[in-house]
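>>> need a 3D model of the sequence below.
(one chain, ligands or ions: 1)
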Amino acid sequence: MFYRLVSRRISSTHHVGKRFFTTSQTAQAAVPADTMRDNSEIAEDQRYFEVNDKTGIIVTLKDEKGVLNKALGVFDKYGVCLSHIESKPSKFYKKSKAYDFYLDFEGSFDDEPVRNLISDLSKMSKHLTICGTPEVPWFPTNFYDLDKIGKETLSEGDGIQEADHPGFRDEEYKKRRNFITELALKYQMYDKEVPRVEYTDTEVGVWQHCYPKLKKHYVGRAVKEFNESLAQMEKYCGFAEDNIPQLEDISQYLISKTGWRIRPVGGLLSQREFLNGLAFKVFHSTQYIRHHSAPEYTPEPDIIHELMGHAPMFANKHYADLSQMIGLASLGCPDHYLPRLGTLYWFTIEFGLCMEEGERKAYGAGILSSFGELDWCFSQEEKAPKFFPLDCEEIAENHGDFPISSVQPYYFVSESWEDARKKIRDYCDAIPRPFNVFYNEKTQNIEVDRKIKGVYKTCKDNELLF
Ligand SMILES: [Fe+2]
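Below is the predicted model:
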């Protein structure tokens, strides 16, 4: 699922006139009210975290030969492990040429080795400042934390309008969707498996309409990695014209290929929550399907978008890595960077194209899951879309007003997977945060290199910034 902004609000996924999309966020009007969760259900201890095993100081040292080595030697002397070091000319000792060294290390000021370290450093420095704890937006730091995601949604009326939703006035459809979203809300990360849904004949009929038709559209248009994965998923995951695959089977397959997994979600996630999940190699997916009256259209994410657009690509390391890069960059990032990252996600993971043997091919899920977008994107007619080389800075800064109810007027094309990887990594690395993060594959935890405090913010808080 993905999200995006609508009228200065986070909205949901894409898609579009006679096509559909995905994603997270809002569109409350489309989500039955009784699937909503209130903030009050989130326990107080879920709202904050504080990294207690890191300490930070600023040491001002004279700019003279060997002084830094001498200071670092003190860390060796007391067996204190440095985790981060930065330097810049001192603001307060300009005439005497001094540098401020920002040093983060493991331990607390209550530890004896740290107290001794501070004492020695104070003697050799012009000044020593004990750093406070930067407050950052809360983010999940371990696998269990993902169960705190998806517990709230934006308020009704945001994003997709009632009139846009073919199923909004169908009580039976809403009841069925409630049932499926409840399964997702009950799911916990360490449950044995993602709940299986026994789809009705009507639901399978919608899938049957879309599946073969989309497959025909992929010929000569989708990147080869997509077609290869889809063939494998037909073999191992239950992808077939007459069968809606189960998230559990896809998840198991993806785990074996790239370590990614799919977590069911009951509604539209906030932008921050959705992107945060990607850092853990977790893709949040809806499990319900669009209304049968309009099988080629959905104003919000559904299982056709998730499975036909995203799932095959998550078996590909390139696509999976690009997604995780954006996810890692979203952890605790400043609020005003979220829409930038969302826009970057939009024009790559959702609507990206990549050159393949001299031809443009689609890898974005928003293209691959939409009949209209596939036709438009590869149109040979005079009124065809525009294509630009991938430029992450340009995308993030100047293209946040992309349309969600019509096809994209332009697309960004990477020269290769390596080209996309380098450009996205460079953009993400430049996002200002007072700490660095690392995903530990073995423990499935996020590690940070500095002492920080994560403070939970509701979607509404974020929304105000848009
Ligand atoms: Fe999507």
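>>> what is the neighbour count of K65?
Per other C-beta atoms under 10 Å, the neighbour tally for K65 reads 7. For glycine as for every other residue, the C-beta is placed from the backbone atoms N, C-alpha and C.
>>> what's the answer for L183, then?
As a burial measure, L183 scores 16 neighbours (other C-beta under 10 Å).
>>> same deal with S108?
12.
>>> same check on C210?
21.
>>> which SSE is the spatially closest residue to it that is not a sequence neighbour in?
Closest residue to C210 apart from its sequence neighbours, by C-beta to C-beta, 6 or more residues apart in numbering: I304 at 5.4 Å. Per DSSP states H and E: I304 is located in helix 303-304.
>>> the helix or strand that comes right after that helix and the ion in contact?
The C-terminal neighbour of helix 303-304 among helices and strands, as given by DSSP H and E, is helix 317-330. No. Applying C-beta under 5 Å from the ion, one finds helix 317-330 separated from the ion by no less than 10.3 Å.
>>> quick one, grab the pLDDT at the residue nearest in space to the middle of the chain.
Centroid check for the chain by C-alpha atoms, centre = their mean gives L275 as the closest residue, at 2.0 Å. At L275, the pLDDT value in this model is 96.
>>> shouldn't it be in contact with G342?
Yes. When contacts are counted by C-beta atoms under 8 Å, L275 is listed as touching G342 (7.2 Å).
>>> show me how far the helix holding I304 is from its chain's centre.
Here helix 303-304 is found 19 Å from its chain centre; the criterion is C-alpha atoms, centre = their mean, to the nearest Å.
>>> other SSEs contacting it?
Counting contacts by 3 or more C-beta pairs under 8 Å, 6 or more residues apart in numbering; DSSP states H and E, helix 303-304 packs against helix 201-218.
>>> quick check: the residue nearest to the centre of the chain vs T181, distance?
21 Å (C-beta to C-beta, to the nearest Å).
>>> what's the separation between the closest residue to A396 other than its chain neighbours and L117?
Leaving aside its sequence neighbours, A396 sits nearest to R340 (C-beta to C-beta, 6+ apart; 3.8 Å). If you measure R340 against L117 using C-beta to C-beta, the figure is 39 Å.
>>> compare the two (neighbour count), which wins?
More crowded of R340 and L117, by other C-beta under 10 Å: L117, with 24 against 21.
>>> now do the contacts for that one.
74-75, 77-78, 80, 105 (C-beta atoms under 8 Å, 6 or more residues apart in numbering).
>>> just those residues: which has the poorest pLDDT?
F105 (90).
>>> lowest-pLDDT helix or strand in the chain?
Taking mean pLDDT, DSSP states H and E as the measure, the chain has strand 9-11 as its least confident helix or strand, at a mean of 27.
>>> after it, next one along is what?
Per DSSP H and E, the helix or strand that comes after strand 9-11 is strand 48-50.
>>> show residues contacting that following strand.
So strand 48-50 is in contact with 133, 138, 141, 451-456, going by C-beta under 8 Å, 6+ apart.
>>> the residues you listed in strands, which ones?
453-455 (DSSP state E).
>>> out of those residues, the closest to S379 would be?
Distances from S379 to the ones in strands among the contacts of strand 48-50, taken as C-beta to C-beta, are shortest for G454 (46.1 Å).
>>> how far away is that closest one from Q208?
Distance, G454 to Q208, by C-beta to C-beta: 45 Å.
>>> looking at the two, which is more packed in?
G454 (21 against 17).
>>> against E203, how distant is the residue of the stretch 251-400 of the chain found nearest the ion?
Going by C-beta to the ion, the ion is nearest to A365 of the stretch 251-400 of the chain, at 4.5 Å. A365 sits 20 Å away from E203, going by C-beta to C-beta.
>>> those two: which has the busier surroundings?
For A365 and E203, the more surrounded residue by other C-beta under 10 Å is A365, and the numbers stand at 31 against 20.
>>> without its sequence neighbours, what residue ends up closest to the more buried one?
Counting by C-beta to C-beta, 6+ apart, the residue nearest A365 is G309, at 2.9 Å.
>>> count of neighbours near the one you found?
30.
>>> residues contacting it?
21-22, 350, 364-370.
>>> T348 too?
322, 326, 364, 390, 395, 412, 414, 420, 424 are the contacts of T348 under C-beta under 8 Å, 6+ apart.
>>> which one (most neighbours) among those residues?
G364 (30 neighbours).
>>> is it true that it touches S370?
No. G364 is beyond contact range of S370, at 9.8 Å (criterion: C-beta under 8 Å).
>>> report all helices and strands that whichever strand or helix holds G56 contacts.
Using DSSP H and E, G56 sits in strand 54-62. If contacts are counted by 3+ C-beta pairs under 8 Å, 6+ apart, strand 54-62 sits against helix 67-78, strand 98-106, helix 112-124, strand 127-130.
>>> what's the most buried one of those?
Mean neighbour counts were compared across these using mean count of other C-beta atoms under 10 Å; the top stretch is strand 98-106, at a mean of 20.
>>> how far out from the middle of the chain is it?
Offset of strand 98-106 from its chain centre (C-alpha atoms, centre = their mean): 32 Å.
>>> can you put the contacts of L117 in a markdown table and add distance to K175?
Below are the contacts of L117 laid out as a markdown table (distance: C-beta to C-beta, whole Å):
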| residue | distance to K175 |
| --- | --- |
| V74 | 67 |
| F75 | 63 |
| K77 | 69 |
| Y78 | 65 |
| V80 | 60 |
| F105 | 57 |
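>>> farthest pair within these?
K77 and F105 (12.9 Å).
>>> hmm, L247 and V194 touching each other?
Yes. Contact status for V194 versus L247: in contact at 4.4 Å, counting by C-beta under 8 Å.
>>> what sits in contact with each of those two?
What both V194 and L247 touch, as defined by C-beta under 8 Å, 6+ apart, is the set 262, 264.
>>> and the two? Which one has more around it.
L247 (27 against 22).
>>> tell me which element G277 falls in.
Going by DSSP H and E, G277 is in helix 271-279.
>>> tell me which strands and helices that helix is in contact with?
Against helix 271-279 (3+ C-beta pairs under 8 Å, 6+ apart) you get strand 282-285, helix 317-330, helix 338-345, helix 459-464.
>>> so how far is K442 from the residue nearest to A365?
G309 is 30 Å from K442, by C-beta to C-beta.
>>> kindly report the same for I57.
From I57 to K442 the distance is 30 Å (C-beta to C-beta).
>>> neighbour count for these two, which is higher?
The residue with more neighbours, out of I57 and K442, is I57; 20 against 5, by other C-beta under 10 Å.
>>> isn't the more buried one right up against L121?
Yes. Using C-beta under 8 Å, I57 is in contact with L121, at 7.4 Å.
>>> anything in contact with each of the two?
L128.
>>> up against the ion, what does the stretch 351-466 of the chain have?
Residues of the stretch 351-466 of the chain lying near the ion (C-beta under 5 Å from the ion): A365.
>>> where do the helices sit along the stretch 351-466 of the chain?
Using DSSP state H, counting those that start in this stretch, the helices of the stretch 351-466 of the chain run over 365-368, 371-377, 392-398, 417-429, 459-464.
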